[in-house]
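S.K.: got a predicted structure plus its sequence, pasted below:
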Amino acid sequence: MCARAPSRMSKNSIEVDAPRIIHRDEHFLGVYKPAGVPSQKDPSRAPTIGELVGAELIDPPHRLDRPVSGVMLLARTMEAMKRSTALFRECRVTKVYLAVVEGHFTECSVLRHNLQHDPRSRKARVVQGGDQERQSVLNVNPVRQGDRYTLVEVRPEGGRFHQIRAQLAAAGHPVHGDVKYGARRPARMPGIALHALELTLPHPFAERPMVLRCEPPAHGIWKVMGASGQ
C-alpha cells in the first residue's frame, strides 16, 4: 500500500512527484512511477524508473506509457521476469486505473474496439471489422462529475498498446491533457490524467496474492476532481 507520493516544485512552479519503492522482496520491487518518467530506455536517454530507484533490475514485465503515473512491478531476477511476464500474458493480473476524461461520462460502460498499432504515428487506431474475439475490452465506471470533466475508474482486459487512451478517445472522452488522442489542450502538470492505481496478481513464488496500490498525485486536475481515496 502506498500513500500519495511526495512532490517537489519544478523550475516552472509545477509540482513534480518523486519516484518511490512501495514493495520489496527478493524477487520483485513494486514502485511508484511519476508521469514523465520512462519505463524503459528510450531515445531521450532520460533515466528510467529502475535507475531512479537505484535498483539493478531486469526489464519490467509490463510498461506504463511515459506520460502515465502509477504502480509498476519490476523484476529483480530472470526467473521472476519470466514468471511475471507469463501472468500478464495470460491475463491473470488485475489492473485498476483512474482517469480524468473530458466531458460527462454518465454510465458504467463496457467499451469494445478493434485496435491497430500504427508504428509511424506511435498511436493505436480503432479499425472497423476484425475478429470480435480479439477486441480490446475496457470497463469504465464513473466516480465523480465535474463541470467539464469526469473522474472514472478503468479496468482494462488485457494490455494492448495505448489501449485505455485510444478507447476512451474513441468513446468521445479523451484523457485530460492527452493531445495525442484528441484532448483539447495539454495538462498543466507533467503527463496526462491517467494513473495506474492498483495491480493484483498471484505471487509467482508464494501462495498469496500480491497487491500493489498507490494513490494519484495530490495536485493538478487530480486535486480538482477530489481523486484522493478512490
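M.R.: Received, thanks. Residues are numbered from 1 along each chain as shown.

S.K.: pLDDT on stretch 49-62, on average?
M.R.: Stretch 49-62 carries an average pLDDT of 82.

S.K.: how about stretch 220-229?
M.R.: Mean predicted lDDT for stretch 220-229 stands at 84.

S.K.: go on, stretch 69-85?
M.R.: Rounded mean pLDDT across stretch 69-85 is 94.

S.K.: can I get it as CSV, trimmed to CA atoms?
M.R.: Only the C-alpha atoms of stretch 69-85 are listed here, as CSV (Å, rounded to 0.1, in the frame of the first residue of the first chain):
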residue,chain,number,x,y,z
SER,A,69,1.7,7.8,-13.5
GLY,A,70,1.2,4.9,-11.1
VAL,A,71,2.2,1.5,-9.9
MET,A,72,4.7,-0.7,-11.7
LEU,A,73,6.1,-4.1,-11.0
LEU,A,74,9.8,-4.6,-11.6
ALA,A,75,11.5,-8.0,-11.7
ARG,A,76,14.8,-8.5,-9.9
THR,A,77,15.8,-11.8,-11.4
MET,A,78,15.4,-13.5,-14.8
GLU,A,79,13.1,-16.2,-13.3
ALA,A,80,10.9,-13.5,-11.7
MET,A,81,10.8,-11.8,-15.1
LYS,A,82,9.8,-15.0,-16.8
ARG,A,83,7.0,-15.9,-14.4
SER,A,84,5.5,-12.5,-14.0
THR,A,85,5.6,-11.9,-17.8
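
S.K.: report the distance from it to the chain centre.
M.R.: Averaging C-alpha positions (Cα atoms, centre = their mean, to the nearest Å) puts stretch 69-85 15 Å from its chain's average.

S.K.: I'd guessed Pro47 sits against Val37; true?
M.R.: Yes - assessed by Cβ atoms under 8 Å, Pro47 is found in contact with Val37 at 7.4 Å. For every residue, glycine as well, the C-beta is placed using N, CA and C.
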